[in-house]
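# Below: sequence and its predicted model.
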Amino acid sequence: MAEPPPSRPSSIGELLQRARHLAGRRIDEVASRLGFRVPPDLRGHKGFVGQLVELALGASAGSDPEPDFPDLGVELKTLPIHEDGRAAESTYVCVARVDGSESLDFRDSHVSRKLERVLFVPVVLPRSETLPLGERTFGMPFLWEPSAEDLARLTHDFRHLQMRIRLGESEDIRGREGEVMQLRPKAMSSRERTWGVSEEGWLVPVKPKAWYLRASFTSELIARVYGRTFADRS
DNA sequence: GTTTGATCATGT
DNA sequence: ACATGATCAAAC
């Protein structure tokens, strides 16, 4: 029943080929081939689909601050989408350093490294909430490398938010700031704290944050690749 | 319906 | 503690 998970792909072409093979297949179909049982829903298993896809494509499953495919410089992201082709959720990028130790230069940032090349694997959300997780299907994966305009927008948001962090204002940053990228909480509870800069420049306990791509932005990326046939029918 | 803030599980 | 994988659920 269970097949051994594939080894790491040796080229981006090979990776893409494997990824495209997922399109149209059900989660339980992919899982059973690898010998995994699928939980009935994602409550308590939020990372299940992401880790399943990592295995299915031969990623080195680790929690290192590295791209999923270090040799290829490719970061893998599942992307929950509605049937109209729009992203249903924001996309986690990486934790934010709020202690002031990160450069203001976007090109030097962890965020930038993560976003150099991203393989998005869409997962179509059911119109019915009762559809078991295993019956959800994969969409057609696509590779994204930020265009010059993408980079300009990302850089703008990064500089704005990173400046706020430097000024000791990370606690005041709301999720609404940033056009394509935002800074939001990232913790097991709102009581968690990490070290961050205060307005006076001291290191003080602050709420942990992470960088996310807005759903509106990833929806744009989908539309760019697959057209607006579903998203724009006005 | 969409977005923001909060949260769940797991590995090192 | 902090990184990975994200979605949940309250608020708008």
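Great, that's in hand. Numbering: from 1, shown residues only, chains lettered A, B, ... in the order given.

# Can you show me the helices along chain A?
Remark: helices assigned in chain A by DSSP state H are A:12-20, A:27-33, A:48-57, A:110-114, A:148-166, A:215-226.

# Need the pLDDT of A:R127.
Note for A:R127: predicted pLDDT of 83.

# near DNA strand C, which residues of chain A show up?
A:41-43, A:46-47, A:49-51, A:53-54, A:63-65, A:68, A:75-78, A:80, A:89-92, A:94-95, A:97, A:110, A:114, A:123, A:186, A:194-195, A:208, A:210 (Cβ under 7 Å from any atom of the strand). To be clear about C-beta, it is placed using only N, CA and C from the backbone, and glycine gets the same treatment.

# Identify the residues contacting A:D28.
Residues near A:D28 by Cβ atoms under 8 Å, 6 or more residues apart in numbering: A:V38, A:P132, A:L133, A:G134, A:E135.

# ok, how many other residues are close to the third one?
Counted by other Cβ atoms under 10 Å, the residues lying close to A:L133 total 20.

# likewise A:V95?
16.

# do A:E129 as well
For A:E129, the count of nearby residues is 7 (other Cβ under 10 Å).

# Can I get the helices of chain A in a markdown table including mean pLDDT?
Below are those laid out as a markdown table (pLDDT from 0 to 100):
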| stretch | mean pLDDT |
| --- | --- |
| helix A:12-20 | 96 |
| helix A:27-33 | 95 |
| helix A:48-57 | 95 |
| helix A:110-114 | 95 |
| helix A:148-166 | 97 |
| helix A:215-226 | 95 |
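
# looking at those, which is buried most?
helix A:48-57 (a mean of 20; mean count of other Cβ atoms under 10 Å).

# The residue in chain A that DNA strand B sits nearest to and A:I165, how far apart?
Proximity to DNA strand B, evaluated over chain A using Cβ to the nearest atom of the strand, is greatest for A:G175 at 2.8 Å. Between A:G175 and A:I165 the distance is 15 Å, computed by Cβ to Cβ, to the nearest Å.

# Double-check A:L183 against A:K209; I have them as touching.
Yes. Assessed by Cβ atoms under 8 Å, A:L183 is found in contact with A:K209 at 5.0 Å.

# which neighbours do the two share?
Counting by Cβ under 8 Å, 6+ apart, the common neighbours of A:L183 and A:K209 are A:A96, A:S170, A:I173.

# so what's the closest residue to A:L213 other than its chain neighbours up against?
Once flanking residues are discounted, A:L213 sits nearest to A:T91: 4.2 Å by Cβ to Cβ, 6 or more residues apart in numbering. By Cβ under 8 Å, 6+ apart, A:T91 lies in contact with A:K77, A:L79, A:Y212, A:L213, A:A215, A:T218.

# likewise A:L16?
A:L119, A:P141, A:L143.

# same deal with A:L133?
So A:L133 contacts A:I27, A:D28, A:V38, A:P39, A:P40, A:D41, A:L42, A:F48, A:V49 (Cβ under 8 Å, 6+ apart).

# Next one, pLDDT for the residue of chain A most remote from its centre please.
Here the centre of chain A is the reference, and by Cα atoms, centre = their mean the most remote residue is A:E200, at 33.4 Å. Predicted confidence (pLDDT) for A:E200: 95.

# Number of residues surrounding the nearest residue to it once chain neighbours are set aside?
Closest residue to A:E200 apart from its sequence neighbours, by Cβ to Cβ, 6+ apart: A:G168 at 7.0 Å. A:G168: 19 surrounding residues under other Cβ under 10 Å.

# so what's the nearest residue to A:R37 once chain neighbours are set aside up against?
Using Cβ to Cβ, 6+ apart and skipping residues adjacent in sequence, the residue nearest A:R37 is A:A31, 7.0 Å away. By Cβ under 8 Å, 6+ apart, A:A31 lies in contact with A:R37, A:V38, A:L52, A:G134.

# Fine, thanks again, bye for now.
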